Structures are given as structure tokens and as C-alpha cells.
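Novice: Provided below are the primary sequence and the corresponding predicted coordinates.
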Amino acid sequence: MARVKQSVMTHARHKKVIKKARGYRGRNKNTFRAAIKRVEKGLQYAYRDRRNRKRTFRSLWIQRINAGAREHGLTYSQFRNGLSKAGVEIDRKVLSDLAVREPAAFKALVELVQATLAKSA
């Protein structure tokens, strides 16, 4: 029986890795041995950073809400507390978008929060 060299499969596997290594510098994009290390590391970074992106955006939203609330004399925590007491359920993403793009709507929310906090105090 003839010996089967798996050159077709090997070439396909190498090609797949080299294709993912496009854009890397130096030998990392050309040679299989270097490319496979870089691609595996790149996939690890991608996996990690898909989770980190969620943290980063949440912190950005909180900063934007805090800045918007402080323009009207409230801190972020006071603003969130007032929203919960007023029974308003808007997530941070929408609140930050309001603070940046719709200052009038955000101001109306702040006034509602201030009225609720004054009533409960």
C-alpha cells in the first residue's frame, strides 16, 4: 500500500493560520511557526478583551452620567438613588446617551430626581 503524505491537509492548515496572521509584523505574518504563536496569543487577547470591553463601557457610561448629574448639582450616587426612589428604570447606557445627546431630557430626569429626593428628605 502506498504511503499517504498529508501535504494537502497540512497546507490547508498552514494557510488558515497564515491568513489569520495578516497584519502582523516581521516573520509573524510569513512563517508558520512564528505565526501560530502570534495567532494563538491574539486569540487569547480577543477572548479576554471581549469581557473587558463590557467593563470599559460600563465605566464610561457612569462617568458620563456623573458629569451630567454634577452639572445640575447632584452626584452619580445621589442621582441613581433618586431614580430608584422615583421608580424610573433606565439603564446606564441610555442614561449616558441622554446626558451626551439630549441634555434637555436629562435635565428633566434630574429635576424629577431632585423633586423625589426633596419629598423623601
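Specialist: On my side now, so go ahead.

Novice: residue 86: neighbouring residues, count only.
Specialist: When neighbours are defined as other CB atoms under 10 Å, residue 86 has 17 of them. Bear in mind the C-beta positions are built from the backbone N, C-alpha and C, glycine included.

Novice: and the pLDDT at it?
Specialist: In this model, residue 86 is scored at 94, pLDDT.

Novice: residue boundaries of the helices in this protein?
Specialist: In the chain, the segments counted as helices under DSSP state H are 7-20, 32-70, 76-86, 92-101, 103-120.

Novice: dump those helices to CSV, plus distance to residue 1.
Specialist: As requested, these are arranged in CSV below (distance: least, CB to CB, whole Å):
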stretch, distance to residue 1
helix 7-20, 18
helix 32-70, 29
helix 76-86, 74
helix 92-101, 63
helix 103-120, 77
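
Novice: for the protein, which spans come out with low pLDDT?
Specialist: Nowhere does the chain drop to pLDDT under 70.

Novice: mind doing that once more with 80?
Specialist: Applying pLDDT under 80 to the chain flags the ranges 1-5, 121.

Novice: nearest residue to the middle of it?
Specialist: residue 53 (2.8 Å; CA atoms, centre = their mean).

Novice: so which of the helices of the chain comes closest to residue 26?
Specialist: Closest to residue 26 of the helices of the chain is helix 32-70 (CB to CB; 7.8 Å).

Novice: so that closest one versus helix 76-86, what angle?
Specialist: Following axes from the mean of the first three to the mean of the last three CA atoms, to 10 degrees, one obtains 70 degrees for the angle between helix 32-70 and helix 76-86.
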